[in-house]
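*Asks:* Need the 3D shape of this:
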Amino acid sequence: MSLRRIILLIPLAIVFMTAAPYVRTARSDPKTKRPKLVLVIIVDQMRADYLDRFYDLFCEKGIRHLLKNGARFTNCNYDYTPTNTAPGHSFILSGIYPGTSGIISNEWYSVALGRIFYCVEDSNVSSLGIDSANAAGKMSPRNFHGISVGDRLKAVSPESKVIGISIKDRGAILPAGKHASGAFWFDPQSGRWISSNYYFHRLPDWVQSFNDLRQPESYLRTIWNRLLPAQAYARQGLDSARGEGLLPGENSPVFPHIVADISKPASIQTSGINPRRFDALLPTPAGDELTIQFAEAALAGEQLGQRNVTDILSISFSSLDYCGHIFGPDSHEIEDMVVCLDRSLAGLFAYIDSSVGLQNTFIALTADHGVCPLPERKSASECGRINSKDMLMTLKVRIGQQFNYNEGNENLITALSNDYIYLDYPGIHAHGWNADSFEVAVGNACMKERYMARFYTRTQLEHSITGGGLHDSIQMKIEKGFNKELSGGVALVVQPYSFFSGLSTGTTHGAPNAYDTHVPLVLFGEGVRRGKYSYPVSPSIISATLSDLLGISVPSNSSGVAWHGIIR
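*Replies:* Numbers count the residues shown, from 1 in each chain. As a prediction, this is how the structure comes out:
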């Protein structure tokens, strides 16, 4: 399978007190040479250890070029939970914690609506590129309560363009901010790149032209085989390991894989409830190739970095995440995905060098979260998958018996979503029960289930956030992701290497543990003091450092501080 080009920028991380000599608050410096293009590369689910594990496999002009000529932060961690795609993408270019931004996860139970609510859904907009009523395009950043670096830039430089691109809608929309020039994502059913009329009334001509090429169809029914000789993958163990899942349309988790055409889902095997024609393409290198191709079309079509202003292009690569959920971080597939992405990035860097000039480009490369290893690969006996539906049913029975009421009729326990138990507080109060006591009873009942570690109640979190009580390191991470209006009544923490899942294979992320919080961070550009830095930082450093570099104000409520490692 031929690989095209992709870029990977690593967002800047927040430096803690131990790194005081390298940190400063953002300020405007009129003498600073501003880049023509800011390229933010977000690799969905890329763990920090991948940079070392696969370093010897990288080519000279791809990721290795950034590592050798940029600043690498080896101790970059998210300091909040849940570590999921939407919170990470909203955080990287704003520095605003999920509890403040309102993007508390990819989706969550809405008490007001009585259903699961998706992070970027917007019923007030129409789809562009597909049928206007199609839900796939009815998305916008309206649910994000904050502003981004791109918003600040456009406020002082209206001619600047801010573009977000990703296979995932949330990966395109959230980093670009509320006043982006455009955000574009891939529709796996039609195979088209789409958007919504939140940004414009019709798709730009260059997007229409790109869609007319029907590039995704060229990948269907092709073979995905290892790019390197088989022995190069021995570091990952066996190709087939317990706990690995299947690509849509396959019945074996080993190379070579087939990128199936799911235009007739009844004729092939697929685990998806509502499979879409191009679903099998998403967890393969083809997904990243398509993202690169579209990004290059955007660079040309919008003339990004080729005018007399600074432009921002955010590219989120989703395919590593799709693949990691199926096969886990220690699979042959993940190694091949990273190696292929490296080659594609080398091509993208070459394209940017010829059109904009790498010397005129500032690159940040990072990830939105890491990923948990497959439980089957861990020796610990107390780790595994927790079926959320089964647990919720058991919990309802236990609490109904304890409080002597009919939970089946009253539903005082409404949902288990985003690692929170949601409760019907008006119903609890109608019985005359104390909300705090009910929360504690629910938490204790949860602790009787296998793989559960601890819990924190809404009452406890609200009291702690307002300055009362003690809190441990995990509670502090939960507090930064807690929103009084949106979060549930009891926050659950599971044992390491455990997670909620309705599947018997695959893995996920979202925990406050290092395998989910530790992400790569690399900064590259003119004046960047190259080297490897081991002091603690967070991806929030990106928003503050870019603000400093561009001479704009740091986004309101940002937790970031600027890195003092760019030579003036």
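
*Asks:* how about the helices in the stretch 1-150 of the chain?
*Replies:* Counting by DSSP state H, counting those that start in this stretch, the stretch 1-150 of the chain has helices at residues 50-53, 63-69, 85-92, 98-101, 149-156.

*Asks:* Check the stretch 151-300 of the chain too.
*Replies:* So, for the stretch 151-300 of the chain - with DSSP H, counting those that start in this stretch - the helices run 169-176, 205-212, 285-301.

*Asks:* of those, which approaches residue 142 most closely?
*Replies:* helix 169-176 (9.7 Å; C-beta to C-beta). In short, each C-beta sits where N, CA and C put it, glycine included.

*Asks:* what packs against the closest one?
*Replies:* strand 37-43, helix 85-92, strand 162-166, strand 182-187, strand 311-317 (3 or more C-beta pairs under 8 Å, 6 or more residues apart in numbering; DSSP states H and E).

*Asks:* And the strands in the stretch 401-550 of the chain, which stretches?
*Replies:* Using DSSP state E, counting those that start in this stretch, the strands found in the stretch 401-550 of the chain span residues 413-417, 420-423, 452-457, 490-494, 499-500, 521-524, 531-533.

*Asks:* separation between the nearest residue to residue 486 once chain neighbours are set aside and residue 465?
*Replies:* Sequence neighbours aside, residue 104 is the residue nearest to residue 486 in space, at 5.3 Å (criterion: C-beta to C-beta, 6 or more residues apart in numbering). According to C-beta to C-beta, to the nearest Å, residue 104 and residue 465 sit 14 Å apart.

*Asks:* out of these two, which sits in the more crowded spot?
*Replies:* residue 104 (28 against 17; other C-beta atoms under 10 Å).

*Asks:* Now do the contacts for that one.
*Replies:* Neighbour list for residue 104: 82, 87, 98, 418, 481, 482, 483, 486, 487 [criterion: C-beta atoms under 8 Å, 6 or more residues apart in numbering].

*Asks:* Identify, from those residues, the entry nearest to residue 514.
*Replies:* Of the contacts of residue 104, the one sitting nearest to residue 514 (C-beta to C-beta) turns out to be residue 82, at 14.8 Å.

*Asks:* Tally up the residues packed near that closest one, please.
*Replies:* Residue 82 has 27 neighbouring residues, counting by other C-beta under 10 Å.

*Asks:* how about the nearest residue to it once chain neighbours are set aside, what does it touch?
*Replies:* Setting aside the residues directly before and after it, residue 82 is nearest to residue 510 in space (C-beta to C-beta, 6+ apart), at 4.2 Å. Taking C-beta under 8 Å, 6+ apart as the contact definition, residue 510 lies against 81, 82, 83, 84, 105, 369, 419, 499, 516.

*Asks:* Residue 510 and residue 410, how far apart?
*Replies:* Residue 510 is 30 Å from residue 410, where distance means C-beta to C-beta.

*Asks:* What of residue 230?
*Replies:* Applying C-beta to C-beta to residue 230 and residue 410 gives a distance of 59 Å.

*Asks:* Comparing these two, which residue is more hemmed in?
*Replies:* Between residue 230 and residue 410, counted using other C-beta under 10 Å, residue 410 has the larger neighbour count: 16 against 11.

*Asks:* I figured that one was touching residue 426, is that so?
*Replies:* No - in this structure residue 410 lies outside contact range of residue 426 using C-beta atoms under 8 Å: 11.0 Å.

*Asks:* contacting residues for residue 168?
*Replies:* By C-beta under 8 Å, 6+ apart, residue 168 lies in contact with 44, 85, 185, 186, 316, 318.

*Asks:* Just the buried subset of those residues, please.
*Replies:* 44, 85, 185, 186, 316, 318 (16 or more other C-beta atoms under 10 Å).

*Asks:* Which pair of the residues you listed spans the longest distance?
*Replies:* So, the buried ones among the contacts of residue 168 by C-beta to C-beta: farthest apart are 85 and 186, at 14.7 Å.

*Asks:* in stretch 93-113, what's buried?
*Replies:* 93-111.

*Asks:* pLDDT (mean, whole number) over it?
*Replies:* Confidence for stretch 93-113, expressed as mean pLDDT, is 98.

*Asks:* Just checking the distance from that stretch to the centre of its chain.
*Replies:* Its chain's C-alpha centre and that of stretch 93-113 lie 13 Å apart, by C-alpha atoms, centre = their mean, to the nearest Å.

*Asks:* returning to that earlier point: pick the most buried one from the helices of the stretch 151-300 of the chain.
*Replies:* By mean neighbour count, with neighbours taken as mean count of other C-beta atoms under 10 Å, helix 169-176 ranks first of the helices of the stretch 151-300 of the chain at a mean of 32.

*Asks:* mind checking pLDDT for residue 19?
*Replies:* pLDDT, residue 19: 37.

*Asks:* List just the nearest of the buried ones among the contacts of residue 168 to residue 295.
*Replies:* Among the buried ones among the contacts of residue 168, residue 316 lies closest to residue 295 (C-beta to C-beta), at 10.3 Å.

*Asks:* Show me the beta-bridge partners of the closest one.
*Replies:* residue 42, residue 166 (DSSP bridges).

*Asks:* Please name the residues that touch it.
*Replies:* Counted by C-beta under 8 Å, 6+ apart, residue 316 has contacts 42-44, 89, 164-168, 171-172, 175, 368.

*Asks:* Next, work out how far apart it and residue 184 are.
*Replies:* Separation of residue 316 from residue 184 (C-beta to C-beta) stands at 11 Å.

*Asks:* Quick check, central residue of this structure?
*Replies:* In the chain, the centroid-proximal residue (C-alpha atoms, centre = their mean) is residue 85; its distance is 2.5 Å.

*Asks:* Could you double-check that it lies in contact with residue 170?
*Replies:* Yes - between residue 85 and residue 170 there is a contact at 6.0 Å, judged by C-beta under 8 Å.

*Asks:* Tell me the residues that contact both of those two, please.
*Replies:* Common contacts of residue 85 and residue 170, defined by C-beta under 8 Å, 6+ apart, comprise residue 106.

*Asks:* does residue 115 have beta-bridge partners, and which?
*Replies:* residue 110.

*Asks:* can I assume it is in contact with residue 109?
*Replies:* Yes - at 7.5 Å, residue 115 counts as touching residue 109 under the criterion of C-beta under 8 Å.

*Asks:* sorry, back to before: what's the overlap in contacts for residue 316 and residue 184?
*Replies:* Counting by C-beta under 8 Å, 6+ apart, the residues touching both residue 316 and residue 184 are 164, 165, 172.

*Asks:* Looking at the residues you listed, which one is closest to residue 303?
*Replies:* Out of the shared contacts of residue 316 and residue 184, the member with the shortest distance to residue 303 (by C-beta to C-beta) is residue 165, at 15.6 Å.

*Asks:* What sits closest to residue 206 if chain neighbours are left out?
*Replies:* Here the nearest residue to residue 206 in space, its sequence neighbours aside, is residue 301; by C-beta to C-beta, 6+ apart that works out to 2.8 Å.

*Asks:* average pLDDT across stretch 309-327?
*Replies:* Average pLDDT, stretch 309-327: 98.

*Asks:* Please point out which parts of it sit buried.
*Replies:* Buried-residue list, stretch 309-327, by 16+ other C-beta under 10 Å: 310-327.

*Asks:* now swap in stretch 384-399 and tell me
*Replies:* Buried residues in stretch 384-399, defined by neighbour count with 16+ other C-beta under 10 Å: 384, 385, 386, 388, 391, 392, 395, 396, 398, 399.
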